[in-house]
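Novice: requesting a structural model of the entry that follows:
(3 chains)
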Amino acid sequence: MNAIYSLIAVFILIALVLLGIGGAGLYYVFGVIIPYVAIVFFLAGFVYRVLKWAKAPVPFRITTTCGQQKSLPWIKNNELENPSTGLSVIGRMLLEVLFFRSLFRNTKTELKDGPKVVYSLNNWLWLGGLAFHWSFLIIIVRHFRFFTEPVPAFISIIEKLDSFFQVGLPIIYATDAIILAAVSFLVLRRIMDSRMRYISLNADFFPLFLILSIAVTGVWMRYFGKVDVIGIKELAIGLFTFNPVVPEGIGVFFFIHLFLVSVLIAYFPFSKLMHMGGVFLSPTRNLANNNRMKRHINPWNPKVKFHTYEEYEDEFREVMRDAGMPLDKK
Amino acid sequence: MSLKNLLEQNQDVIIERWLDLILATYPSDGSFFLKKQKNQFANPVGYTISKEIEILYQTLFKDVDTETISTSLDSIIKIRSVQDFSPSKAIGFIFLLKKAINDELGNTVKEEGLYSELHEIESSIDTLILKAFDSYMKSKDLLFRIRADELNRRTKIILSRYSDTD
Amino acid sequence: MPEDQMKPEELFQIDYKPPGKGWMETKPDIRRGKINWAAVPKSVEYLDLPNPRKWSPLDKDWKLPDNWKEIILEGMRERIHKFRTFQVFMDICVRCGACADKCHFFIGSGDPKNMPVLRAELLRAVYRKEFTLAGKLMGKMAGARDLTEDVLKEWFFYFFQCTECRRCSVFCPYGIDTAEITMMGRELLSLVGLEIDWVTTPIANCFRTGNHLGIQPHGFQDSIDFAVDDFKDLTGIKVEAPVNKKGAEILFIVPSADYFADPHYYGLLGYMALFHEIGLDYTYSSYASEGGNFGLFHSNQAMKRLNSKIYMEAERLGVKWIIGGECGHMWRVINQYMDTMNGPADFLEVPKSPITGTVFENTKATKMVHICEFTADLIKNDKLKLDKSRNDQWRVTFHDSCNPARAMGIIEEPRYVINSCCNHFFEMPENCIKEQTFCCGGGAGLGTDENMEMRMRGGLPRANAVKYVHDKYGVNVLTCMCAIDKAVLPALMDYWVPGVQVGAVHELVGNALVMKGEKEDRTDMRGEPFIGKETAKDV
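Specialist: Numbering: from 1, shown residues only, chains lettered A, B, ... in the order given. This is a model prediction of the structure:
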């Protein structure tokens, strides 16, 4: 049900563009105003959220340890899974952010029913997630080709690598194929797996459908639609240099693409997509497990009522004396 | 062909069907996991059930010694008697075997008129039920004994001080 | 099939349909066997906690204060500002499902709300409703849910079905820690007087008498004296075990079950053997006669109140440093909270083993050493004479307790100690030991009698792995270094894997230790003769 609501929401967004561009001809609104508004939302929202998190203190150092601690020198400790220094924490975070270390843990190769190797479904999640995030990142970087003139060398290199397979005309970018496959997998997983369906909210389907639509329109423009790339680049550079112009002859497909991207980035800070920022601030991962070596301060360490030894001895002095136990006050 | 032969030939599909019916007694979102996750350690419930019902099934057409049957029944019923099932539901999963057989072989039984043999099979399923009832009571008994033992263990050392008469 | 016969599904009514409703529309089925009894008013009062009264989770009316909703929401607001964990964990979950099948309660029960993600969603849905714009505007469409009395009851039900074992947190790509969420949930519940007796009464006892069982000082002294006598009966050696001795070098803190429960006690005898043999100058304390800290299962304030005794007592007795015995959650508190809450312990010295001279650099702030670290160092430096064959009656496996494994990482030390003390050690399969270890099913205050069925199914994944090594290698003892484990695992073993005993790591040490002056027919810590040393009358 949630999936259907989310799909309808995306269709409504597309319909808005068709009405706005095709019907009312609001080129400037969709080409300039909405993208700018979206970027403002994104930046302001992102900063606000991160600051809000950062402002909340970390009262306790509650690292989740996933390996041997640092203790006696002859016991080999696992710095990346149980970091004892800030540097190791950086290593742990890099593994987590770049390679999804924790998700990868799901990987289990098992010998089942005789010599048969079985992989669990869960490493598909790791693979799907990794494929999705990396291809998304590369595609975003590739898009800087549209914002820059001349195109920086590193972008051309990425494009070269991405078209490594040299198939199709125009040459198919590997990431285009990967992102479509990966997003489809992530959507299907939520729909087909009854457990996933049970826990999924609108907020889980909506961004997936949004991203899928963005990818589909992008792919369509590049490989099939033959849109006016010169015009698009003019518009993009205009936006980027704060001299917005809307050249004529850019097809409606581009505006759908641009509008969906605008919605995505405006929606970003208010959604679970903020896991991008949040992962860096997760106290179970970004703290070293060195509590016994170095004192961690809780800024609001509360005043609580203690039960002191004096009070204790006062209550139990008689029985303690009878039992021959040492006393502070005789 | 005799029904016993049919049961033997169709073992895999009937057991599969029986397993599905049993897993359907769990909350639906859980049953998916119970079926899909094949790892013996990550999914002991699903693993145990699917392993043991195979043995129980075989009692229908071949001689399986009583001890093996009890062990298999105990393994499943021990699990079900600490899950959220009423006693009837905890052991009733065995009745589902009748349904599984009917689903898979019902037509053949009708066409070939194997009713008398079916009655025979069904009464051996009924015997299984009775055994399951014993097994259920054994589990519950064990639980009560464990409870008592635990209360005793918790303070055993202290109690032994003050009740020490030897 | 003849028509007159009743159909099986009529005999055995099952709902084959998946619940058409989402999780927000289902109510918990609160029944005996899966709840814990409410805290008695006396304990609640003793700790000055809110809303002391007699009530039961099985009643319809939970006798909440009139403004309970206000109190809870205010409590949430406060915690959002005080804990970055709470805020980040509320915001960033993407419901990827990686945690779903990692919870032992889910594995054992199939109840979807035992999936860690949904356990957390119980709080998150209310958080969205009250603290996010999207939730306020779009309600259910945005995954938001009103806080009603039923929702509160659901919180109580499921936050007391989490043992705070943190296994799910190992698999979460963002490190979302359900234990932390459960802790927040329980703190909030406590604000309106929803407490369970097995947590609150031990806290009250411990606050008053120094230990969870409420044993008064003379009772503690007796227990230790009796243990000394027992030890003499077993080995012929009279050991010193001072209590509240000022000026001792080391304060030794054990979980209280070590001196009153079986099989913990055999570990205590093991410590006594060890400390006597190396001539350690140490003392027990009756005031700090509890290493465990049920405050961890209640609220950070309660945890701090109980934990304070250790440092206060160390200062009063004038010891140099502290050793802590075998206990799981105690070590989570010591490793992750103690110094922050009640430090700095600058009146103590950096721990240095008086026997080997090893300085425990990893404890230079907190100044408290785990007994397994201490013993491993002794063995490594060849200070103990160990006869492995004295544990030949055991085929041993080791259960990593949740907190030492996932909140500390003390994984190799106990293995080193065990392997030095016995000939037959077998690991359980890889995905259920070390950081992926399965909970005993009774942690975080859930190890109660009334909760037995829940514990048995929650402990099934652990028991199942033990069964595997029991069947394959003939393992007959499950060692562990956690007092809760030692209390609840015997029941779990009796149910699922009869024939497997539970023992302490230091029970093995006590058995293997060859002591100066021991009598010819000394026995193991349980009073059983060593294999090959049975006398005529035993045979």
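Novice: which parts of chain A are strands?
Specialist: Secondary structure of chain A (DSSP state E): strands at A:109-112, A:116-119.
Novice: what's the closest non-adjacent residue to C:Val243?
Specialist: Of all residues beyond its chain neighbours, the one nearest C:Val243 is C:Tyr284 (4.8 Å), with distances taken as CB to CB, 6 or more residues apart in numbering or on different chains. C-beta coordinates here come from the backbone N, C-alpha and C atoms, glycine included.
Novice: what's the spacing between the one you found and A:Ile33?
Specialist: C:Tyr284 sits 75 Å away from A:Ile33 when distances are taken as CB to CB, to the nearest Å.
Novice: more neighbours: which of the two?
Specialist: A side-by-side neighbour count of C:Tyr284 and A:Ile33, using other CB atoms under 10 Å in any protein chain shown, places C:Tyr284 first with 21 against 13.
Novice: surely the more buried one meets C:Ile250?
Specialist: No. Under the criterion of CB atoms under 8 Å, C:Tyr284 makes no contact with C:Ile250, lying 10.5 Å away.
Novice: of the strands of chain A, which shows the lowest average pLDDT?
Specialist: Set side by side, the strands of chain A give their lowest mean pLDDT on strand A:116-119, at a mean of 39.
Novice: give me the residue at the spatial middle of chain A.
Specialist: A:Met276 (3.3 Å; CA atoms, centre = their mean).
Novice: picking up where we left off before, need the pLDDT of the residue nearest to C:Val243.
Specialist: Per-residue confidence for C:Tyr284 comes out at a pLDDT of 97.
Novice: again with the one 3 residues further on
Specialist: Confidence per residue is given as pLDDT, and for C:Tyr287 that number is 97.
Novice: tell me the contacts of residue 58?
Specialist: Looking at chain A here, since you left the chain open. Applying CB atoms under 8 Å, 6 or more residues apart in numbering or on different chains, one finds that A:Val58 lies in contact with A:283, A:287, C:83-85.
Novice: hmm, I had chain B in mind actually
Specialist: Shown here is B:Gln58, whose contacts under the criterion CB under 8 Å, 6+ apart are B:11, B:64.
Novice: I'd like the next helix or strand past the one helix or strand in chain B whose mean pLDDT sits lowest.
Specialist: Using mean pLDDT, DSSP states H and E, the weakest-scoring helix or strand in chain B turns out to be helix B:28-36, at a mean of 60. Following helix B:28-36 in sequence order, the next helix or strand is helix B:44-58 (DSSP states H and E).
Novice: now do the buried residues in the helix or strand following that next one.
Specialist: Sequence-wise, the next helix or strand beyond helix B:44-58 is helix B:66-80, with elements assigned using DSSP H and E. Buried residues in helix B:66-80, counting neighbours by 16 or more other CB atoms under 10 Å in any protein chain shown, are found at B:69, B:72-80.
Novice: can you list the residues of the stretch 201-350 of chain C near chain B?
Specialist: Counting by CB under 8 Å from any CB of the partner chain, the residues of the stretch 201-350 of chain C close to chain B are C:213, C:215, C:219, C:222-223, C:226, C:257, C:259-263, C:265.
Novice: swap the cut-off to 10 Å and go again
Specialist: When proximity is defined by CB under 10 Å from any CB of the partner chain, the stretch 201-350 of chain C lies next to chain B at C:213, C:215, C:219, C:222-223, C:225-227, C:229-230, C:257-266, C:268.
Novice: filter the residues you listed to the buried ones?
Specialist: The neighbour-count test (16+ other CB under 10 Å) marks C:213, C:215, C:219, C:222-223, C:226-227, C:230, C:257-266, C:268 as buried among these.
Novice: please flag which of the residues you listed sit within helices.
Specialist: With helices identified by DSSP state H, the entries of those that belong to them are C:219, C:222-223, C:226-227, C:230, C:257-260, C:264-266, C:268.
Novice: what angle do the biggest helix by length in chain B and helix B:44-58 make?
Specialist: Across chain B, the helix with the greatest residue count (assigned by DSSP H) is helix B:115-154. With axes from the mean of the first three to the mean of the last three CA atoms, to 10 degrees as the basis, helix B:115-154 and helix B:44-58 are set at 140 degrees to each other.
Novice: all set, thanks.
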